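Undergrad: attaching a predicted model along with its sequence, questions to come.
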Amino acid sequence: MDDILVQGFLMGGVIALVALGFILVFKSSGVLNLAHGEMIAILAYFLYQLLAIWDLPAWLGILVAVPTGALLGVLIERLAVRPLLGQPFLSVLMMTLMVSFLLRGVRYLAWGPDSYILPFTPRGQWEIGPVNVIPATAISFAAAMLIFVVLLLLFRYTKVGLSMRVVSADHEVAQSLGIRVKQVFSISWAMGGALAAVCGVLMGMVYTVTPVLGGMVLGAGLPVLLLGGLTSIPGAVVAGLIIGVSTALGDYYRPGGLNLGEIIAWIVMLVILLIRPYGLFGEKRIERI
Amino acid sequence: MLPSGVFNRRPQQDMAIVRTSAQWLLLAAALVFLFTLSLYASEVWVNWLIMVGIYAVAALGMHIMTGLCGQFSMGQSAFMALGAYTAAIMGSRYGLSPWISLPVSGLVAGLGGLVFGIPALRIKGFYLVLTTIAAQFVIMWSIRQFDYTGKTYGLTVPAITIGGSALKDAQFWWLTLAIVVVMIFFTKNIQRTTTGRKFVAVRDNDLAAEVMGINLFRTKLLAFFIGCFFAGISGWLWAHYLARITPDLFTFDLSLWFLAMVIIGGMGSTSGAVMGAAAIMAVDKAVPYLSNVVEKAFPSLGFQIPFALGLILFAVVVMFFLLIEPKGLYYRLEKIKLYYRLNPFAY
């Protein structure tokens, strides 16, 4: 039982990292990047290609994959999303979905419908104190927490982070302060892409590199994103942990033989949205006519 | 737009769905053409037409929800599944006639829409989109769980019989066509009534609409109900056409297809939704031919080509419309029609 809870807790941290990829892009440019799941998947496959077929050492492979992710993010922003600046949000949403279809198609063409295991995936179980944990999840959780701290510091103390926060508050104000808004968009997409590559490494370890990885990650990340409230980084962490633990409990108990773990994230999200329409930590937007 | 000097003199003319006698004649001719099409078209194309009709009904529901009332939904195929499973359960478990299950399918899907539409009062935009995605996953998950709904194996649907013999494909096309025509009329009609005007007001600015005395809750829920009712009818048709339904048919991707149909056809136009359905299905039809070509060019890629190419082609077509023609097919067609109507003048 303790094992289950700890495992769920750790998974929650990893899923929160996926949600963070959405938040990074959404916070500055106001685009919900639904291609994030497929970006993670294609980068995981790319990493597999680097490691297993081109025989690079693991550290070099990851070092190549992360900038590639950033490049992919910038490319998507430049070619697909920026031309739609100022269009209704459904167009942009549909565009990111179509990017995700495109990536999935390319992925199937290049790597087919097979699953792979990343070569550096640790095996067995670790005993930490009284509980057993799966090493891939534990490493991923540690990496995720590290990235959260780095991002929090980045948003608080660096110029890039501060300019991203200004842009997210108001585009016009940012522009009049001399911040290049479009450049900030590109930077945030690049960061989102790099984060997708990191997620690709971690998710590839946790779930293995499977064709359904993209959809699975998207399905896990979106409820967390909404529960946390679309723009809040601490919100994503808290929501991720809540959903991770409740998913683990749903998987464990299976009331009435139902496989509740698959769906409990969405149900928790729906219930909380009914009570708090802007998520746990979301900003309440006041609209004027 | 009418040519300079031509005016509608009576309100009835402004409200008319079919305005001139020439249009009546053309409409009748088109209907006769479509009706007789199944007599001489090859079976492959009749099947294609039936699928266009089935998807067009669901796309029309999407049009009412999204195009008219501005409530985005990415769970249309799950509501279709509600209709289809209602038809299957009523037909195979209780032996009821399909003509009884037709309205019930629509109602069940509509009620499902109401349940997931309730959050729409308080949330909108991204939150609403993700709530409908949640609807998709929750509904399809529930169908997979219970023995009563056939788990992942699905259910068989008894065929529709008229005079003791089951409908053949050609006859099924007539049934589909009849339902599509009724649904198009319903949609066109709703656009010119108070309800439709309310929908458009809510779409354009829901706060302003509320200030003007429109009951937001009722209007949004009604839009959800009608949109999902259409999805249920479409599911009823699909279930009887396939004779066996499984949960794998009603995927999240299919929901996106319906959204793409509305976008390609042109947001907020009824004929656009039907055109969008035909366009998407034409793309779908082109995939096997194209993948044959690609397979000959790159034989090493193997069997994943048709699937991957379907995804890529669909994505490219929708992207083209989003970037180059964001108003959709309907508005391009209107422009062409207007040009010839006014020719040689500009107005």
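TA: Structure's in. What do you need?
Undergrad: flag the shaky bits of the stretch 201-347 of chain B, pLDDT-wise.
TA: Low-confidence segments of the stretch 201-347 of chain B, defined by pLDDT under 70: B:301-302.
Undergrad: near chain B, which residues of the stretch 101-250 of chain A?
TA: A:101-102, A:104-109, A:112-113, A:215, A:219, A:222-223, A:225-226, A:230 (CB under 8 Å from any CB of the partner chain). From N, CA and C alone the C-beta is placed, and that goes for glycine too.
Undergrad: got the buried residues for stretch A:57-69?
TA: Across stretch A:57-69, burial judged by 16 or more other CB atoms under 10 Å in any protein chain shown covers A:61-62, A:64-66, A:68-69.
Undergrad: turn those residues into CSV, including distance to A:L151.
TA: Below are the buried residues of stretch A:57-69 laid out as CSV (distance: CB to CB, whole Å):
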residue, distance to A:L151
A:G61, 23
A:I62, 18
A:V64, 22
A:A65, 19
A:V66, 15
A:T68, 20
A:G69, 15
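Undergrad: output the contacting helices and strands for the lowest-mean-pLDDT helix or strand in chain A.
TA: For chain A, using mean pLDDT, DSSP states H and E, the weakest element among its helices and strands is strand A:126-128, scoring a mean of 76. Under the contact definition 3 or more CB pairs under 8 Å, 6 or more residues apart in numbering or on different chains; DSSP states H and E, strand A:126-128 sits against helix A:135-157.
Undergrad: quick check: closest non-adjacent residue to residue 34.
TA: As the question left the chain open, I've gone with chain A. Spatial nearest neighbour of A:L34, chain neighbours left out: A:T96 (4.5 Å); criterion: CB to CB, 6 or more residues apart in numbering or on different chains.
Undergrad: I was after chain B.
TA: B:L177 (5.8 Å).
Undergrad: what is the burial count for residue 263?
TA: The chain I'm using is chain A. 22 (other CB atoms under 10 Å in any protein chain shown).
Undergrad: nope, chain B
TA: With other CB under 10 Å as criterion, B:I263 counts 27.
Undergrad: ditto for B:I162
TA: Using other CB under 10 Å, B:I162 is surrounded by 9 other residues.
Undergrad: how near is it to A:I147?
TA: Per CB to CB, to the nearest Å, B:I162 is found 64 Å from A:I147.
Undergrad: same check on A:V173?
TA: 29 Å.
Undergrad: need the helices for chain A, in chain order.
TA: Applying DSSP state H to chain A gives helices spanning A:2-29, A:36-48, A:58-76, A:89-111, A:135-157, A:159-169, A:171-176, A:181-207, A:213-228, A:233-253, A:264-275.
Undergrad: meant to ask about the stretch 201-347 of chain B
TA: B:206-211, B:216-242, B:252-265, B:270-297, B:305-324, B:329-342 (DSSP state H, counting those that start in this stretch).
Undergrad: dump these to TSV, plus distance to chain A.
TA: Shown next, in TSV, are the helices of the stretch 201-347 of chain B (distance: least, CB to the nearest CB, whole Å):
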stretch	distance to chain A
helix B:206-211	5
helix B:216-242	13
helix B:252-265	6
helix B:270-297	9
helix B:305-324	4
helix B:329-342	15
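Undergrad: Serialize those helices to a markdown table and add fields for distance to A:V238.
TA: Output for the helices of the stretch 201-347 of chain B, formatted as a markdown table (distance: least, CB to CB, whole Å):
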| stretch | distance to A:V238 |
| --- | --- |
| helix B:206-211 | 30 |
| helix B:216-242 | 30 |
| helix B:252-265 | 27 |
| helix B:270-297 | 41 |
| helix B:305-324 | 35 |
| helix B:329-342 | 45 |
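Undergrad: show me what contacts residue 137?
TA: Assuming you mean chain A. The contact partners of A:T137, taken as CB atoms under 8 Å, 6 or more residues apart in numbering or on different chains, are A:7, A:10-11, A:14, A:206.
Undergrad: that's the wrong chain, I meant chain B
TA: A:219, A:263, A:266, B:252.
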